[in-house]
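J.: Got a predicted structure plus its sequence, pasted below:
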Amino acid sequence: MRLEGKVALVTGASRGIGRAIALALAKEGCDVVLVDLDEPAAQRVAREVETLGRRALPVKANVASLADVQRAVALTVEKFGRLDILVNNAGIIKRGTLEDHSDADWELVISVNLRGTYYFSREAAKIMKRQGWGRIINISSVAGKIGDITSAPSYGPSKAAVNALTKSLARELAPFGITVNAVAPHAIETEMTAEWSEERRRALIAQIPLGRMGKPEEVAAAVVFLASPEASFITGEILDVNGGYLMD
Ligand SMILES: NC(=O)c1ccc[n+]([C@@H]2O[C@H](COP(=O)([O-])OP(=O)(O)OC[C@H]3O[C@@H](n4cnc5c(N)ncnc54)[C@H](O)[C@@H]3O)[C@@H](O)[C@H]2O)c1
């Protein structure tokens, strides 16, 4: 196990990519804090973590609320005494044309995807600085590099800002032994993409050199790598997990 004894906090851990990340980190030896709006689902994932022999703490919290974020970090330190790995995974998309997109849609997407990542990074970095070691891994998207491929005016900008935040924090936190990286997935089989029509799915897959959609576990493997000792000289990186869809 590459991460024996580490404490990880994963946001949006109740399902999809976040759940896969939580379980993959537990398999590598982490105790895991599972942050999500959906408390019953977070509790179910907590039991899965415990089945793997690790400790788990489900926390109902909204990543866009500073009070919730501070409470989640305080509960983590209270229960586990430290915080080593933060995975900012919680994210939402609001589809619709520019004209359909309301101010409320814009505010919600930016506040969850960007402000939530900023809040958790800031609060976690305070603990990580004291420890002299930390790993922050942000789940971005291919849309952060090329814009939205379906009409969703705030999603790409929110993820582009997450990429810039990743690089800014990577420079600022490097002297404290903290690396900050992002993973940029595309077309992963989760509830976020379940709404795609069969026709749309086929069209998207046709543009992916590996000829299929990705699995949450394939994103989780990239996160585990970035948290692992093998990635100790990597910071400020945006790692694509996209089947070759975008090669930049
Ligand atoms: N699925 C894909 O193809 C894909 C592609 C690129 C990027 N991503 C990114 O990966 C991440 C996970 O996506 P997914 O497909 O697993 O999504 P999902 O919708 O299946 O799961 C998202 C989870 O986040 C939680 N969540 C949402 N808002 C929250 C909030 N304010 N506070 C706390 N928890 C909240 C939800 O309850 C849910 O459990 C997101 O950041 C998404 O933008 C996904």
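T.: Perfect, I can see it now.

J.: need the contact list for the residue nearest the centre of the chain.
T.: Among the residues of the chain, the one closest to the centroid is residue 89, at 2.0 Å (CA atoms, centre = their mean). Neighbour list for residue 89: 10, 11, 12, 13, 17, 18, 21, 139 [criterion: CB atoms under 8 Å, 6 or more residues apart in numbering]. Just so you know, the C-beta spots here come from the backbone N, C-alpha and C atoms, and that holds for glycine as well.

J.: Any chance of the backbone angles for the nearest residue to the last one once chain neighbours are set aside?
T.: With sequence-adjacent residues excluded and distances taken as CB to CB, 6 or more residues apart in numbering, residue 139 is closest to residue 89, at 4.3 Å. In this entry, residue 89 is assigned phi and psi values of phi -110, psi -30 (degrees, to the nearest 10).

J.: do residue 34 as well
T.: Backbone torsions of residue 34, given as degrees, to the nearest 10, read phi -110, psi 110.

J.: where do the strands sit along the chain?
T.: 7-11, 31-36, 56-60, 85-88, 134-139, 178-185, 238-241 (DSSP state E).

J.: would TSV of those strands with mean neighbour count be doable?
T.: Shown next, in TSV, are these (neighbours: other CB atoms under 10 Å):
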stretch	mean neighbour count
strand 7-11	30
strand 31-36	29
strand 56-60	21
strand 85-88	30
strand 134-139	27
strand 178-185	25
strand 238-241	20
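
J.: Flag every residue of this protein that's near the ligand.
T.: By CB under 6 Å from any ligand atom, the part of the chain that sits against the ligand consists of 11-12, 14-18, 35-38, 62-64, 89-92, 112, 139, 141, 185-188, 190-193.

J.: doesn't residue 185 make contact with residue 139?
T.: Yes - under the criterion of CB atoms under 8 Å, residue 139 makes contact with residue 185 at 7.0 Å.

J.: joint contacts of those two?
T.: In contact with both residue 139 and residue 185: 17, 219, using CB under 8 Å, 6+ apart.

J.: just to revisit the earlier point, in ChimeraX, select just the buried ones from the residues of the chain next to the ligand.
T.: Typed into ChimeraX, the line below selects the buried ones among these, using 16 or more other CB atoms under 10 Å:
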select :11,12,14,15,16,17,18,35,36,37,62,63,64,89,90,91,92,112,139,141,185,186,187,188,190,193
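
J.: so who does residue 37 touch?
T.: Neighbours of residue 37 in contact, by CB under 8 Å, 6+ apart: 14, 60, 61, 62.

J.: With residue 45 instead?
T.: 13, 14, 15, 19, 22, 23, 34, 56, 58.

J.: Which helix runs longest in the chain?
T.: helix 155-173 (DSSP state H).

J.: Just want the angle from it to strand 178-185.
T.: Interaxial angle, helix 155-173 versus strand 178-185 (axes from the mean of the first three to the mean of the last three CA atoms, to 10 degrees): 160 degrees.

J.: Give the buried residues for helix 155-173.
T.: Applying a neighbour-count criterion of 16+ other CB under 10 Å, the buried positions in helix 155-173 are 155-163, 165-167, 169-170, 173.

J.: what's the answer for stretch 235-248, then?
T.: Within stretch 235-248, the residues scored as buried using 16+ other CB under 10 Å are 235, 236, 237, 238, 239, 240, 241, 242, 243, 245.

J.: Make a markdown table out of the strands of the chain and add distance to residue 73 and mean pLDDT.
T.: Output for the strands of the chain, formatted as a markdown table (distance: least, CB to CB, whole Å; pLDDT from 0 to 100):
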| stretch | distance to residue 73 | mean pLDDT |
| --- | --- | --- |
| strand 7-11 | 7 | 99 |
| strand 31-36 | 9 | 99 |
| strand 56-60 | 9 | 98 |
| strand 85-88 | 9 | 99 |
| strand 134-139 | 12 | 99 |
| strand 178-185 | 15 | 99 |
| strand 238-241 | 25 | 98 |
